[in-house]
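K.L.:
Can you look at this prediction? I've put the sequence above it.
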Amino acid sequence: MPNMFKGLPNTPALVLGVAAFPKPLMADGALPGWYKELIATRIASLNCCEYCVSAHRHLALKRGATFGQVASYDNLENGPFSEKEKAGFRYASLLHQSGHAANEAAFDAVSEHLNCQKIIELTAIAGAFELFARIISSLRIPVTPLPE
Amino acid sequence: MHTPLSYKTGIRCCAFTLTGAEAGDGMTAASNASRVPLLERHEVPSDVAQLYDK
């Protein structure tokens, strides 16, 4: 049980809503699960959320990312990613600044590589991990130990 | 102050390897104490307890 889901039950109605969100958010969809996990890891890193980085780089590896890809979440341009994957990382990183940072030029750039469904999934993950990281960091939820 | 962002150079906004007084106040790694109780299964309502079984 992730520690976030041991902390949020102090507000039962809230935890039930939050717990329902990660499954559709992170499941394989238009974007593959391993890539979604690395997007989450990248946003977590930009938010200095050790908890989220620990959990989601572990999940990225478990869901099919290579060691090299997982190791490159903060060095994306030089990492073993396709141009399409890099375009998604760039767009997600811009969203960390603000929604307005994803201006027309940025949206056009990502649209060259990703279709509407993929952009929506990417945007939802980037936005969600701003929220999760802030909840976890501000409440000082300790990192969940990884399985052996 | 907003954290500078560069996806081209891959600059990280912090280093998780640092802990303690040198780490600064902004990193989650600097503190292990949760500000809210971490509840176990027997401490939560039954509908929430189901989450612990997944």
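P.N.:
Thanks, I have it. Numbering: from 1, shown residues only, chains lettered A, B, ... in the order given.

K.L.:
Tell me which residue lies nearest the centroid of chain A.
P.N.:
A:Ala40 (1.3 Å; CA atoms, centre = their mean).

K.L.:
how close does that one sit to chain B?
P.N.:
A:Ala40 sits 15 Å away from chain B, going by CB to the nearest CB, to the nearest Å. All C-beta spots, glycine's among them, are computed from the backbone N, C-alpha and C.

K.L.:
didn't that residue look like it was pressed against A:Gly33?
P.N.:
No: counting by CB atoms under 8 Å, A:Ala40 does not reach A:Gly33; the two are 10.4 Å apart.

K.L.:
shared neighbours, those two?
P.N.:
When contacts are counted by CB atoms under 8 Å, 6 or more residues apart in numbering or on different chains, A:Ala40 and A:Gly33 are jointly contacted by A:Met26.

K.L.:
what's the helix or strand where B:Val48 lies packed up against?
P.N.:
Per DSSP states H and E: B:Val48 is located in helix B:46-49. Contacts defined by 3 or more CB pairs under 8 Å, 6 or more residues apart in numbering or on different chains; DSSP states H and E place helix B:46-49 against helix A:12-20.

K.L.:
right, is the helix it packs on up against chain B?
P.N.:
Yes: using CB under 8 Å from any CB of the partner chain, we find that helix A:12-20 touches chain B at A:12, A:15-16, A:19.

K.L.:
picking that back up, mind listing residues that contact the helix holding B:Val48?
P.N.:
By CB under 8 Å, 6+ apart, helix B:46-49 touches A:9, A:12, A:15-16, B:41-42.

K.L.:
repeat that with 7 Å
P.N.:
Contact with helix B:46-49 is made by A:9, A:12, A:15-16, B:41, as judged by CB atoms under 7 Å, 6 or more residues apart in numbering or on different chains.

K.L.:
Next: stretch A:55-73.
P.N.:
Taking CB under 7 Å, 6+ apart as the rule, stretch A:55-73 contacts A:2, A:33-34, A:37-38, A:40-42, A:44-45, A:79-81, A:144, A:146.

K.L.:
can you count the residues close to A:Arg140?
P.N.:
Other residues near A:Arg140 come to 16 when the count uses other CB atoms under 10 Å in any protein chain shown.

K.L.:
make that A:Ser93, sorry
P.N.:
21.

K.L.:
ok, the contacts of helix B:46-49 vs A:Ser138, which is closest?
P.N.:
A:Val15 (16.4 Å; CB to CB).
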